[in-house]
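> model the following, please.
(one chain, ligands or ions: 2)
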Amino acid sequence: MSANPLPVFDVLSANEVGGPSQSTCPSEKLALIIPTLREAANLRLLMDRVRPTLDSLGIRYELIVVDDDSRDGTDEIMTDLARQDSRVRLLTRTGIRGLSGAAMHGWRNTDASVLGVMDSDLQHPPELLPQLWQALQGGADVVVASRYVQQASRRGFNLFRHFISQLAIWMTWPLQRPGILVHDPMSGFFLVRRSCIKDITVQPQGFKILLEILVRGDIHSAVEIPFTFDRRHAGLSKASVAVAAAYMKLLARLWRLRLSGNSR
Ligand SMILES: Nc1nc2c(ncn2[C@@H]2O[C@H](COP(=O)(O)OP(=O)(O)OP(=O)(O)O)[C@@H](O)[C@H]2O)c(=O)[nH]1
Ligand SMILES: [Mg+2]
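Ligands and ions are numbered 1, 2, ... in the order given. The predicted structure is shown next:
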């Protein structure tokens, strides 16, 4: 696993199932990345909810699952789904792990102008996507599905996790850009304009790609849409001590950059 921050838009070769991305129409296109690690039990239900939701928007889109060699049936399910719908794709990475790196890998392998990411375990309700899309079309650079604004809630959290999560968020407030304070900078469910992140490098191992985008991207406006963060549908959590350690490392790096006056 690479320990170094990666540029967001290096071109990589991809181990891919499904159709290649194409640029044929001038209207905006969304690429929604779904990083997976042993999530086969969630995939069909997830796709059954995401596809009609995006279809209802009438937009051009790609759904890209970036799987880190789960070997749990993900390949078979995705090959089947990709055969039915060329907008559905699977990219498989081998010998490498990390949610943020998986999201970047998906983004590098699409030509979409709007980039998104969501979890595969249905803690992020796909039915929120139209609201996120509309807010982005309304002019925001980044739109965040937020667990920490009015009307949002966190059924998937116990009291301890709620406290740790809140503490982790408070530590980011001085890092965020003045005038664009996002209450849930750790959300794993968001859309961002490609043009806002083309020059930044991000830590590939962790879960907190949004925080890096908010601190280091060319972001001038952010909108938060409240949602209920539910319990995961099936399978086991991938959150771990290593993920927490990656977060502390990321915070230290962002603070170092801030104190040295270098935001990129
Ligand atoms: N490709 C890839 N995906 C990952 C990796 N780690 C986590 N994911 C995916 O990232 C998403 C978030 O991981 P979760 O395990 O749900 O983390 P969490 O939501 O903080 O934890 P729970 O609330 O317990 O579900 C899921 O879709 C995972 O399958 C990884 O190393 N590689
Ligand atoms: Mg989860």
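
> what residue ranges in the stretch 151-264 of the chain score low on pLDDT?
Applying pLDDT under 70 to the stretch 151-264 of the chain flags residues 151, 156, 262-264.

> which residue ranges of it form strands?
190-193, 201-202, 222-226 (DSSP state E, counting those that start in this stretch).

> among the ones you listed, which is the most enclosed?
Each of the strands of the stretch 151-264 of the chain was scored by mean neighbour count; the highest is strand 190-193, a mean of 24, by mean count of other C-beta atoms under 10 Å. C-beta: built from backbone N, CA, C; applies to glycine.

> how far is that one from where the chain is centred?
Taking C-alpha atoms, centre = their mean, to the nearest Å, one finds the center of strand 190-193 at 8 Å from the center of the full chain.

> what does that strand contact?
Strand 190-193 has contacts (C-beta atoms under 8 Å, 6 or more residues apart in numbering) with 30, 113-117, 132-133, 136, 141-145, 210, 213, 217, 219.

> which ones among the residues you listed map onto strands?
30, 114-117, 142-145 (DSSP state E).

> of these, which pair is most distant in space?
Using C-beta to C-beta, the two most remote members of these are Leu30 and Val144, lying 15.5 Å apart.

> between these two, which one's more packed in?
Here Leu30 and Val144 are set side by side on neighbour count (other C-beta atoms under 10 Å), and the busier one is Val144, at 29 against 22.

> hang on, the more buried one packs against Pro226?
No: assessed by C-beta atoms under 8 Å, Val144 is found out of contact with Pro226, at 10.0 Å.

> if we can go back for a sec, ligand 1 next: which of the contacts of strand 190-193 are close?
Among the contacts of strand 190-193, proximity to ligand 1 is found for none (C-beta under 6 Å from any ligand atom).

> which of those residues count as buried?
With burial judged by 16 or more other C-beta atoms under 10 Å, the buried subset of the contacts of strand 190-193 is 30, 113-117, 132-133, 136, 141-145, 210, 213, 217, 219.

> buried ones in stretch 118-132?
Buried residues in stretch 118-132 (16+ other C-beta under 10 Å): 118-126, 128-129, 132.

> closest to Val50 out of those residues?
Nearest to Val50 among the buried residues of stretch 118-132, with distances taken as C-beta to C-beta, is Pro126, at 4.3 Å.

> quick one: residues contacting that closest one.
Contact analysis of Pro126 by C-beta under 8 Å, 6+ apart lists 46, 49-50, 53, 118.

> which among these gets closest to ligand 2?
Checking these against ligand 2 by C-beta to the ion gives Met118 as the nearest, at 10.3 Å.

> wait, that closest one sits on Pro125?
No: contact between Met118 and Pro125 fails when scored by C-beta under 8 Å: they sit 9.2 Å apart.

> and for Leu211, nearest residue in space, chain neighbours not counted?
Nearest non-adjacent residue to Leu211, counting by C-beta to C-beta, 6 or more residues apart in numbering: Pro185, 4.6 Å away.

> what's the neighbour count on that neighbour?
Pro185, neighbours per other C-beta under 10 Å, totals 26.

> got it, and Met47?
Around Met47 there are 21 other residues, counting by other C-beta under 10 Å.

> OK, contacts around it?
Counting by C-beta under 8 Å, 6+ apart, Met47 has contacts 63, 81, 88.

> what about 6 Å?
Met47 makes contacts with Leu81, as judged by C-beta atoms under 6 Å, 6 or more residues apart in numbering.

> report pLDDT for it.
Confidence at Met47, expressed as pLDDT, is 97.

> now do the buried residues in stretch 88-106.
Applying 16+ other C-beta under 10 Å to stretch 88-106 flags 88-93, 98-106 as buried.
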